[in-house]
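A.B. asks: curious how this folds, go ahead:
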Amino acid sequence: MSIPIRNVYYLLCYAWDHVREGETVDVGSEEFSEMADLFAKVLNEGVSRLISRGLDRDYLAVSEDIRGLKGKLDLATTVKRNLLLTGKTHCSFDELSYDVPQNQILKATLRQLGMVTRLDPEQRRRAGRLYRKLDAVSDVPLRPRLFRTVRIHRNNQFYSFLLHLCRIIYDNLLVNQEAGTAEFYDFREDEQKMGLLFEQFVRRFCERETNYTVDAPKIDWFRAEGIETDLRHLPRMQTDIVLRSPERTIIVDTKFYKNPLDRRYDGERVHAGNLYQIFAYAMNWAEGASQSGEPEPEGWLLYAAVDGEFDYRFEVMGRMIRVCSVDLGKEWKAIEKRLKEMVLRTQQVVATST
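C.D. replies: Here you go, the predicted structure:
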(Lines give C-alpha, C1' and ligand atoms only; values in the text may rest on other atoms or scores of the structure.)
Protein backbone atom coordinates (compact mmCIF):
# COMPACT_ATOMS: atom_id res chain seq x y z
CA MET A 1 0.00 0.00 0.00
CA SER A 2 1.84 3.08 -1.26
CA ILE A 3 0.78 6.02 0.90
CA PRO A 4 2.40 9.39 0.10
CA ILE A 5 5.04 10.29 2.67
CA ARG A 6 3.39 13.66 3.38
CA ASN A 7 0.15 11.92 4.29
CA VAL A 8 1.94 9.70 6.81
CA TYR A 9 3.23 12.88 8.44
CA TYR A 10 -0.28 14.33 8.69
CA LEU A 11 -1.55 11.05 10.16
CA LEU A 12 1.18 11.26 12.78
CA CYS A 13 0.39 14.88 13.65
CA TYR A 14 -3.22 13.92 14.36
CA ALA A 15 -2.25 10.76 16.25
CA TRP A 16 0.14 12.78 18.45
CA ASP A 17 -2.52 15.49 18.91
CA HIS A 18 -0.10 18.09 17.54
CA VAL A 19 -1.83 19.24 14.36
CA ARG A 20 -1.14 22.92 14.99
CA GLU A 21 2.54 22.31 15.70
CA GLY A 22 2.85 20.11 12.62
CA GLU A 23 1.47 22.90 10.44
CA THR A 24 4.34 25.22 11.44
CA VAL A 25 6.53 23.38 8.91
CA ASP A 26 5.49 23.53 5.26
CA VAL A 27 5.79 19.98 3.93
CA GLY A 28 3.19 20.32 1.19
CA SER A 29 5.29 22.35 -1.24
CA GLU A 30 7.91 19.70 -2.01
CA GLU A 31 8.16 16.00 -2.78
CA PHE A 32 10.00 13.59 -0.49
CA SER A 33 11.52 10.41 -1.87
CA GLU A 34 12.47 9.11 1.57
CA MET A 35 10.54 9.27 4.83
CA ALA A 36 13.74 10.19 6.68
CA ASP A 37 14.06 13.32 4.52
CA LEU A 38 10.67 14.62 5.67
CA PHE A 39 11.34 13.84 9.33
CA ALA A 40 14.78 15.47 9.11
CA LYS A 41 13.30 18.62 7.57
CA VAL A 42 10.65 18.92 10.27
CA LEU A 43 13.11 18.24 13.09
CA ASN A 44 15.66 20.69 11.67
CA GLU A 45 13.01 23.39 11.37
CA GLY A 46 11.78 22.72 14.89
CA VAL A 47 15.21 22.72 16.54
CA SER A 48 16.16 25.89 14.65
CA ARG A 49 13.02 27.53 15.99
CA LEU A 50 13.85 26.47 19.55
CA ILE A 51 17.40 27.80 19.31
CA SER A 52 16.11 31.15 18.00
CA ARG A 53 13.65 31.66 20.84
CA GLY A 54 15.78 30.02 23.53
CA LEU A 55 16.24 26.38 24.51
CA ASP A 56 14.50 25.03 27.57
CA ARG A 57 16.50 25.07 30.82
CA ASP A 58 16.04 23.54 34.23
CA TYR A 59 17.82 23.37 37.56
CA LEU A 60 20.19 20.43 37.93
CA ALA A 61 21.84 19.19 41.11
CA VAL A 62 25.60 19.85 41.01
CA SER A 63 28.32 18.76 43.45
CA GLU A 64 31.79 20.17 42.89
CA ASP A 65 34.83 21.87 44.39
CA ILE A 66 34.53 25.67 44.39
CA ARG A 67 36.15 28.69 45.95
CA GLY A 68 34.03 30.05 48.77
CA LEU A 69 30.58 28.70 49.63
CA LYS A 70 27.52 27.98 47.51
CA GLY A 71 24.42 26.02 48.34
CA LYS A 72 25.03 23.26 50.88
CA LEU A 73 28.53 22.68 52.26
CA ASP A 74 29.70 19.05 52.23
CA LEU A 75 31.98 19.38 55.25
CA ALA A 76 33.00 15.70 55.42
CA THR A 77 34.26 15.68 51.82
CA THR A 78 35.91 19.09 52.25
CA VAL A 79 37.89 17.93 55.30
CA LYS A 80 38.69 14.49 53.91
CA ARG A 81 40.25 15.95 50.77
CA ASN A 82 41.96 18.86 52.58
CA LEU A 83 40.28 21.36 50.27
CA LEU A 84 40.52 24.20 52.78
CA LEU A 85 44.29 24.24 52.31
CA THR A 86 43.71 25.43 48.74
CA GLY A 87 40.91 27.82 49.67
CA LYS A 88 38.16 25.55 48.30
CA THR A 89 35.12 23.71 49.59
CA HIS A 90 32.96 20.88 48.25
CA CYS A 91 29.38 22.10 47.86
CA SER A 92 26.08 20.84 46.49
CA PHE A 93 23.79 23.31 44.74
CA ASP A 94 21.24 23.68 41.94
CA GLU A 95 22.40 25.23 38.69
CA LEU A 96 20.26 26.41 35.78
CA SER A 97 21.39 24.37 32.76
CA TYR A 98 20.56 23.59 29.15
CA ASP A 99 21.81 20.04 29.69
CA VAL A 100 18.34 18.58 30.29
CA PRO A 101 16.85 15.35 28.84
CA GLN A 102 14.71 17.06 26.18
CA ASN A 103 17.73 18.83 24.72
CA GLN A 104 19.86 15.70 24.99
CA ILE A 105 17.26 13.79 22.95
CA LEU A 106 17.23 16.46 20.25
CA LYS A 107 21.04 16.47 20.01
CA ALA A 108 21.32 12.67 19.92
CA THR A 109 18.65 12.45 17.20
CA LEU A 110 20.42 15.08 15.08
CA ARG A 111 23.63 13.06 15.40
CA GLN A 112 21.89 9.85 14.35
CA LEU A 113 20.23 11.54 11.38
CA GLY A 114 23.70 12.47 10.16
CA MET A 115 24.46 8.75 9.98
CA VAL A 116 21.60 7.96 7.58
CA THR A 117 23.29 7.11 4.28
CA ARG A 118 20.34 7.99 2.04
CA LEU A 119 19.43 11.24 3.78
CA ASP A 120 19.13 14.34 1.61
CA PRO A 121 22.58 16.01 1.70
CA GLU A 122 21.17 19.44 2.55
CA GLN A 123 19.19 18.07 5.49
CA ARG A 124 22.28 16.18 6.70
CA ARG A 125 24.40 19.33 6.59
CA ARG A 126 21.74 21.31 8.41
CA ALA A 127 21.38 18.62 11.10
CA GLY A 128 25.15 18.78 11.58
CA ARG A 129 25.13 22.55 12.01
CA LEU A 130 22.32 22.40 14.55
CA TYR A 131 24.07 19.59 16.40
CA ARG A 132 27.18 21.75 16.83
CA LYS A 133 25.09 24.67 18.08
CA LEU A 134 23.94 22.49 21.00
CA ASP A 135 27.42 22.63 22.53
CA ALA A 136 26.04 23.22 26.03
CA VAL A 137 24.16 19.90 25.86
CA SER A 138 25.76 16.51 26.54
CA ASP A 139 25.95 14.04 23.68
CA VAL A 140 24.43 10.97 25.30
CA PRO A 141 23.33 7.59 23.87
CA LEU A 142 19.69 7.62 22.89
CA ARG A 143 17.70 5.14 24.99
CA PRO A 144 13.95 4.65 25.61
CA ARG A 145 14.32 5.51 29.30
CA LEU A 146 15.67 8.95 28.38
CA PHE A 147 12.31 9.83 26.81
CA ARG A 148 10.55 8.91 30.06
CA THR A 149 12.58 11.42 32.08
CA VAL A 150 11.35 14.48 30.18
CA ARG A 151 9.02 16.87 31.98
CA ILE A 152 6.60 18.69 29.66
CA HIS A 153 4.73 21.74 30.97
CA ARG A 154 2.92 24.75 29.58
CA ASN A 155 6.10 26.67 28.81
CA ASN A 156 7.77 23.94 26.75
CA GLN A 157 4.80 22.36 24.93
CA PHE A 158 6.50 22.54 21.54
CA TYR A 159 9.04 20.02 22.80
CA SER A 160 6.28 17.41 23.02
CA PHE A 161 5.80 17.49 19.25
CA LEU A 162 9.55 17.30 18.52
CA LEU A 163 10.07 14.49 21.03
CA HIS A 164 7.31 12.44 19.35
CA LEU A 165 9.23 13.00 16.13
CA CYS A 166 12.52 11.96 17.74
CA ARG A 167 10.91 8.81 19.14
CA ILE A 168 9.58 7.66 15.78
CA ILE A 169 13.00 8.30 14.23
CA TYR A 170 14.64 6.32 17.03
CA ASP A 171 12.17 3.43 16.75
CA ASN A 172 12.69 3.05 13.00
CA LEU A 173 16.42 3.71 12.68
CA LEU A 174 18.65 0.70 12.02
CA VAL A 175 22.12 1.76 13.19
CA ASN A 176 25.36 0.02 12.21
CA GLN A 177 27.67 1.10 15.03
CA GLU A 178 30.80 -0.41 13.46
CA ALA A 179 30.34 1.36 10.14
CA GLY A 180 28.88 4.50 11.69
CA THR A 181 25.92 4.43 9.31
CA ALA A 182 22.18 4.03 9.63
CA GLU A 183 19.16 3.18 7.51
CA PHE A 184 15.62 4.40 8.15
CA TYR A 185 12.94 1.72 8.07
CA ASP A 186 10.00 2.81 5.91
CA PHE A 187 7.10 1.45 7.97
CA ARG A 188 4.41 2.24 5.40
CA GLU A 189 4.29 -1.42 4.39
CA ASP A 190 4.07 -2.59 8.02
CA GLU A 191 0.37 -3.40 8.44
CA GLN A 192 0.59 -3.61 12.24
CA LYS A 193 2.29 -0.22 12.71
CA MET A 194 0.16 1.51 10.10
CA GLY A 195 -2.99 -0.09 11.49
CA LEU A 196 -2.30 1.37 14.93
CA LEU A 197 -1.45 4.76 13.40
CA PHE A 198 -4.64 4.77 11.32
CA GLU A 199 -6.73 3.95 14.39
CA GLN A 200 -5.11 6.74 16.43
CA PHE A 201 -5.56 9.19 13.57
CA VAL A 202 -9.28 8.47 13.16
CA ARG A 203 -9.86 8.76 16.91
CA ARG A 204 -8.08 12.12 17.19
CA PHE A 205 -9.74 13.40 14.01
CA CYS A 206 -13.20 12.65 15.39
CA GLU A 207 -12.30 14.30 18.69
CA ARG A 208 -11.19 17.48 16.92
CA GLU A 209 -13.65 17.70 14.04
CA THR A 210 -16.97 16.37 15.39
CA ASN A 211 -19.31 16.96 18.31
CA TYR A 212 -19.40 13.30 19.26
CA THR A 213 -18.08 12.03 22.55
CA VAL A 214 -15.20 9.75 21.56
CA ASP A 215 -13.90 6.84 23.60
CA ALA A 216 -12.93 3.17 23.26
CA PRO A 217 -14.79 1.10 25.86
CA LYS A 218 -14.76 -2.64 26.29
CA ILE A 219 -18.04 -4.36 25.45
CA ASP A 220 -19.34 -7.06 27.79
CA TRP A 221 -20.75 -10.32 26.53
CA PHE A 222 -24.42 -9.78 27.25
CA ARG A 223 -26.23 -12.59 29.07
CA ALA A 224 -23.13 -14.79 29.03
CA GLU A 225 -23.51 -17.47 31.68
CA GLY A 226 -21.04 -19.88 33.20
CA ILE A 227 -18.72 -20.27 36.13
CA GLU A 228 -16.24 -17.45 36.74
CA THR A 229 -13.17 -19.41 35.68
CA ASP A 230 -14.79 -20.32 32.35
CA LEU A 231 -16.10 -16.83 31.60
CA ARG A 232 -12.56 -15.49 31.85
CA HIS A 233 -11.72 -17.33 28.63
CA LEU A 234 -14.21 -15.40 26.51
CA PRO A 235 -12.38 -13.14 24.02
CA ARG A 236 -12.32 -9.46 24.91
CA MET A 237 -14.47 -7.15 22.80
CA GLN A 238 -12.22 -4.09 22.89
CA THR A 239 -13.49 -1.37 20.59
CA ASP A 240 -11.24 0.90 18.57
CA ILE A 241 -13.50 3.95 18.58
CA VAL A 242 -17.05 4.63 19.76
CA LEU A 243 -18.78 7.86 18.72
CA ARG A 244 -21.69 8.86 20.94
CA SER A 245 -24.30 11.60 20.96
CA PRO A 246 -27.80 11.75 22.46
CA GLU A 247 -29.20 10.58 19.11
CA ARG A 248 -26.59 8.16 17.83
CA THR A 249 -23.98 5.56 18.78
CA ILE A 250 -21.45 4.42 16.19
CA ILE A 251 -18.97 1.63 16.89
CA VAL A 252 -16.03 2.11 14.53
CA ASP A 253 -13.49 -0.63 13.95
CA THR A 254 -10.54 0.57 11.86
CA LYS A 255 -8.67 -1.80 9.54
CA PHE A 256 -5.44 -1.49 7.60
CA TYR A 257 -4.71 -4.17 5.00
CA LYS A 258 -2.82 -4.20 1.74
CA ASN A 259 -6.07 -5.45 0.20
CA PRO A 260 -9.03 -3.98 2.13
CA LEU A 261 -11.51 -6.36 0.49
CA ASP A 262 -11.23 -10.11 0.09
CA ARG A 263 -10.49 -10.95 -3.55
CA ARG A 264 -9.97 -14.69 -3.27
CA TYR A 265 -13.36 -15.54 -4.72
CA ASP A 266 -15.58 -14.11 -7.43
CA GLY A 267 -15.60 -10.33 -7.03
CA GLU A 268 -14.71 -8.33 -3.94
CA ARG A 269 -16.20 -9.21 -0.57
CA VAL A 270 -15.89 -7.97 2.98
CA HIS A 271 -13.46 -9.99 5.10
CA ALA A 272 -15.68 -12.45 6.93
CA GLY A 273 -13.82 -12.21 10.23
CA ASN A 274 -14.12 -8.42 10.25
CA LEU A 275 -17.84 -8.58 9.57
CA TYR A 276 -18.44 -11.16 12.32
CA GLN A 277 -16.46 -8.98 14.72
CA ILE A 278 -18.34 -5.73 14.14
CA PHE A 279 -21.66 -7.61 14.14
CA ALA A 280 -20.83 -9.13 17.54
CA TYR A 281 -19.89 -5.69 18.86
CA ALA A 282 -23.17 -4.16 17.64
CA MET A 283 -25.35 -7.02 18.91
CA ASN A 284 -23.86 -7.11 22.40
CA TRP A 285 -23.83 -3.31 22.72
CA ALA A 286 -27.47 -3.19 21.59
CA GLU A 287 -28.51 -5.63 24.30
CA GLY A 288 -27.00 -3.39 26.94
CA ALA A 289 -28.33 -0.22 25.30
CA SER A 290 -31.89 -1.52 25.41
CA GLN A 291 -31.60 -1.77 29.18
CA SER A 292 -30.16 1.75 29.64
CA GLY A 293 -32.19 3.62 27.03
CA GLU A 294 -29.18 4.51 24.86
CA PRO A 295 -29.52 4.82 21.07
CA GLU A 296 -29.20 1.55 19.19
CA PRO A 297 -25.67 1.23 17.79
CA GLU A 298 -24.40 1.14 14.23
CA GLY A 299 -21.33 -0.86 13.38
CA TRP A 300 -18.75 0.62 11.00
CA LEU A 301 -15.77 -1.11 9.44
CA LEU A 302 -13.49 1.71 8.32
CA TYR A 303 -10.65 0.63 6.04
CA ALA A 304 -7.58 2.50 4.85
CA ALA A 305 -7.20 2.28 1.07
CA VAL A 306 -5.11 3.81 -1.72
CA ASP A 307 -6.85 2.67 -4.87
CA GLY A 308 -10.30 4.16 -4.61
CA GLU A 309 -13.04 4.27 -2.02
CA PHE A 310 -16.11 2.20 -1.27
CA ASP A 311 -19.11 2.62 0.98
CA TYR A 312 -21.46 -0.32 1.53
CA ARG A 313 -24.41 -0.25 3.91
CA PHE A 314 -26.73 -3.04 4.94
CA GLU A 315 -28.85 -4.28 7.81
CA VAL A 316 -28.18 -7.60 9.52
CA MET A 317 -30.73 -8.86 12.06
CA GLY A 318 -31.90 -5.31 12.64
CA ARG A 319 -28.38 -3.90 13.09
CA MET A 320 -27.06 -1.23 10.71
CA ILE A 321 -23.64 -2.15 9.35
CA ARG A 322 -21.47 0.13 7.24
CA VAL A 323 -18.31 -0.96 5.42
CA CYS A 324 -16.41 2.02 4.07
CA SER A 325 -12.92 3.30 3.31
CA VAL A 326 -10.73 6.39 3.22
CA ASP A 327 -8.29 6.66 0.32
CA LEU A 328 -4.98 7.66 1.92
CA GLY A 329 -3.42 8.05 -1.51
CA LYS A 330 -5.36 11.23 -2.23
CA GLU A 331 -4.40 14.81 -1.45
CA TRP A 332 -4.70 15.52 2.27
CA LYS A 333 -7.56 18.02 1.85
CA ALA A 334 -9.57 15.34 0.07
CA ILE A 335 -8.95 12.91 2.94
CA GLU A 336 -10.15 15.45 5.48
CA LYS A 337 -13.23 16.21 3.38
CA ARG A 338 -14.04 12.50 3.02
CA LEU A 339 -13.91 11.84 6.77
CA LYS A 340 -15.89 14.94 7.63
CA GLU A 341 -18.58 14.05 5.11
CA MET A 342 -18.84 10.51 6.45
CA VAL A 343 -19.24 11.55 10.08
CA LEU A 344 -20.65 15.07 10.03
CA ARG A 345 -23.25 14.36 7.36
CA THR A 346 -24.48 11.52 9.55
CA GLN A 347 -24.98 14.01 12.38
CA GLN A 348 -26.80 16.47 10.13
CA VAL A 349 -29.19 13.82 8.82
CA VAL A 350 -30.09 12.76 12.35
CA ALA A 351 -30.57 16.37 13.48
CA THR A 352 -32.86 17.04 10.51
CA SER A 353 -34.95 13.93 11.06
CA THR A 354 -35.49 14.76 14.71
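A.B. asks: please count neighbours and contacts with C-alpha atoms only from this point.
C.D. replies: OK.
A.B. asks: can you count the residues close to residue 233?
C.D. replies: 8 (other Cα atoms under 10 Å).
A.B. asks: do you know how far it is from residue 224?
C.D. replies: 12 Å (Cα to Cα, to the nearest Å).
A.B. asks: any low-confidence regions in the stretch 1-150 of the chain?
C.D. replies: The stretch 1-150 of the chain contains residues with pLDDT under 70 at 1.
A.B. asks: all strands of it, in order?
C.D. replies: Under the criterion DSSP state E, counting those that start in this stretch, the stretch 1-150 of the chain carries strands at the ranges 58-67, 72-73, 88-97.
A.B. asks: out of these, which is closest to residue 333?
C.D. replies: strand 58-67 (40.4 Å; Cα to Cα).
A.B. asks: which elements pack onto that closest one?
C.D. replies: strand 88-97 (3 or more Cα pairs under 8 Å, 6 or more residues apart in numbering; DSSP states H and E).
A.B. asks: burial measure for residue 27, as a count.
C.D. replies: Residues near residue 27, counting by other Cα under 10 Å: 19.
A.B. asks: nope, residue 262 is what I was after
C.D. replies: With other Cα under 10 Å as criterion, residue 262 counts 13.
A.B. asks: could you do residue 212 as well?
C.D. replies: 20.
A.B. asks: verify the stated contact: it with residue 245.
C.D. replies: Yes - with contact defined as Cα atoms under 8 Å, residue 212 reaches residue 245; the gap is 5.5 Å.
A.B. asks: between the two, what contacts are shared?
C.D. replies: Contact criterion Cα atoms under 8 Å, 6 or more residues apart in numbering; residues shared by residue 212 and residue 245: none found.
A.B. asks: low-confidence regions, the stretch 151-300 of the chain specifically.
C.D. replies: 265, 290-292.
A.B. asks: what distance do you get for the residue nearest to residue 188 when sequence neighbours are not counted to residue 8?
C.D. replies: Spatial nearest neighbour of residue 188, excluding adjacent residues (Cα to Cα, 6 or more residues apart in numbering): residue 194 at 6.4 Å. According to Cα to Cα, residue 194 stands 9 Å off from residue 8.
A.B. asks: can you list residues touching both of the two?
C.D. replies: residue 188.
A.B. asks: tell me the most buried of the strands of the stretch 1-150 of the chain?
C.D. replies: strand 88-97 (a mean of 17; mean count of other Cα atoms under 10 Å).
A.B. asks: who does that one touch, helix- and strand-wise?
C.D. replies: Strand 88-97 packs on strand 58-67, strand 72-73, helix 75-80, going by 3+ Cα pairs under 8 Å, 6+ apart.
A.B. asks: export those to CSV and append columns for distance to residue 312.
C.D. replies: Converted to CSV, the helices and strands packed on strand 88-97 look like this (distance: least, Cα to Cα, whole Å):
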stretch, distance to residue 312
strand 58-67, 55
strand 72-73, 72
helix 75-80, 77
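A.B. asks: right, so of the ones you listed, which gets closest to residue 259?
C.D. replies: Of all the helices and strands packed on strand 88-97, strand 58-67 comes closest under Cα to Cα, at 49.9 Å.
A.B. asks: show residues contacting the closest one.
C.D. replies: 87-98, 100.
A.B. asks: need the three-state assignment for the residue nearest to residue 188.
C.D. replies: helix (DSSP: H, G, I helix; E, B strand; the rest coil).
A.B. asks: please apply the same query to residue 320.
C.D. replies: strand.
A.B. asks: residues near it, how many?
C.D. replies: 17.
A.B. asks: so it versus residue 197, what's the distance?
C.D. replies: 26 Å.
A.B. asks: where exactly do the helices run in the stretch 151-300 of the chain?
C.D. replies: Ranges of helices in the stretch 151-300 of the chain, per DSSP state H, counting those that start in this stretch, are 157-171, 191-209, 228-231, 272-292.
A.B. asks: wait, which of the ones you listed is closest to residue 259?
C.D. replies: Closest among the helices of the stretch 151-300 of the chain, using Cα to Cα: helix 191-209, at 10.7 Å.
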